[in-house]
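Q: Here is a sequence with its predicted model. Questions after.
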Amino acid sequence: MSDALLETRDLTVRFGGHVAVDGVSCAFAPGQITTIVGPNGAGKTTYFNLISGQIAPSAGQVLLRGSAITRHSVAARCRAGLGRAFQLTNLFPDLTVFENLRLVVQSRRHRGFDLFSMASRQRYMSDEAAEVLARVRLSELADHKVSELSHGNQRKLEVAMLIALDPLVYMFDEPTAGMSVDEAPAVLELIAGLRGRADRTILLVEHKMDVIRNLADRIIVLHNGALAADGDPAEVMASDVVQEAYMGRAIEDV
């Protein structure tokens, strides 16, 4: 596991008598898209919350580039290189699409938050924001307030803002949820394009089987909070654990 960019070791969280995540150990290498699947209530989002710092574990560790970040705050993990779409890209509804994105670029470059003066004086920030907007096909909406956007376009903006943040670890929690058939491809293409970054890794929680098949280099399956399967997408997708989970039948204890 020495080449892992992100790693969890025996990661566990209990809520009263309920074990929501049960001793999950996984290492995530750079240059790879790992999709996390499982039935509702399997612990996928809770596992994401433990990694990103939304909740504290009862036991176990989270490591980034070999260093423990288990007790770090969400903000500290962000500075260290963890990026999660819905938690880090809170949209400002009264600002425009472009202003939201430029604010992220400015923050990443440690320029503070004087959005309207400093960012306007530094052309490269605006150019970078415009480039990301073009990549997610939101350029035509750049001057629209976020409050005017459809749900699908707000999700696209969230993904764009995570891309602009440029973390070491991208964490996407159902990035195409709420998007139409026409809106989703731009986001999926963008995520697929990140695979080529040899110094980045991507974690994806997703339920849509076509998305999983097209994007995943690796699949891990959670069931009752425990790691039930981990490996090559074709093999995992054909396993009894996945077949039973998605057919809605009871899964035997693993």
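A: In hand now; what should we look at? What you are looking at is a predicted structure, and each value in this text was computed from that prediction instead of being measured.

Q: hang on, Ala27 in a strand?
A: Yes - using DSSP: H, G, I helix; E, B strand; the rest coil, the assignment for Ala27 is a strand.

Q: Tell me how many other residues crowd the residue nearest to it when sequence neighbours are not counted.
A: Excluding the flanking residues, the one nearest Ala27 by Cβ to Cβ, 6 or more residues apart in numbering is Ala4, at 3.6 Å. Any C-beta I mention is one placed from the backbone N, CA and C, and that applies to glycine too. Using other Cβ atoms under 10 Å, the number of residues around Ala4 comes to 17.

Q: Next: Leu11.
A: 25.

Q: Tell me the spacing between it and Ser147.
A: Distance, Leu11 to Ser147, by Cβ to Cβ, to the nearest Å: 37 Å.

Q: Can you list the buried residues in stretch 30-45?
A: Across stretch 30-45, burial judged by 16 or more other Cβ atoms under 10 Å covers 30, 32-39, 42-45.

Q: Between which two of the residues you listed is the distance greatest?
A: Taking Cβ to Cβ as the measure, the buried residues of stretch 30-45 span a maximum distance of 29.3 Å, between Pro30 and Pro39.

Q: Do I have it right that Gly38 meets Ala226?
A: No - Gly38 is beyond contact range of Ala226, at 9.8 Å (criterion: Cβ atoms under 8 Å).

Q: okay, and for the protein, where does confidence drop off?
A: Counting by pLDDT under 70, the chain contains low-confidence ranges at 1-2, 85-90, 109-124, 245-254.

Q: so what are the domain limits for it?
A: Domain segmentation of the chain under automatic domain parsing yields 1-73+169-191+201-254, 82-166.

Q: distance between the ends of the shortest one?
A: Across domain 82-166, the terminal residues are separated by 9 Å (Cα to Cα, to the nearest Å).

Q: quick thing: my sequence starts at 19, can you match it?
A: I'll keep to 19 as the first residue from here, and by that count the last item is domain 100-184.

Q: tell me what the longest helix seen in the chain is packed against?
A: If you go by DSSP state H, the chain has its longest helix at helix 169-183. Helix 169-183 sits against strand 100-102, helix 103-106, helix 115-126, helix 141-153, strand 187-191, helix 202-211, with contacts defined as 3 or more Cβ pairs under 8 Å, 6 or more residues apart in numbering; DSSP states H and E.

Q: Just give me how far that helix sits from the chain centre.
A: Its chain's C-alpha centre and that of helix 169-183 lie 11 Å apart, by Cα atoms, centre = their mean, to the nearest Å.

Q: got the angle for it vs helix 141-153?
A: Relative orientation of helix 169-183 versus helix 141-153 (axes from the mean of the first three to the mean of the last three Cα atoms, to 10 degrees): 140 degrees.

Q: Only the buried residues of helix 169-183, if you could.
A: Within helix 169-183, the residues scored as buried using 16+ other Cβ under 10 Å are 170-183.

Q: quick check, nearest of those residues to Leu68?
A: Leu180 (18.9 Å).

Q: Verify the stated contact: the closest one with Leu109.
A: No - applying Cβ under 8 Å as the test, Leu180 and Leu109 come out as separate, 11.9 Å apart.
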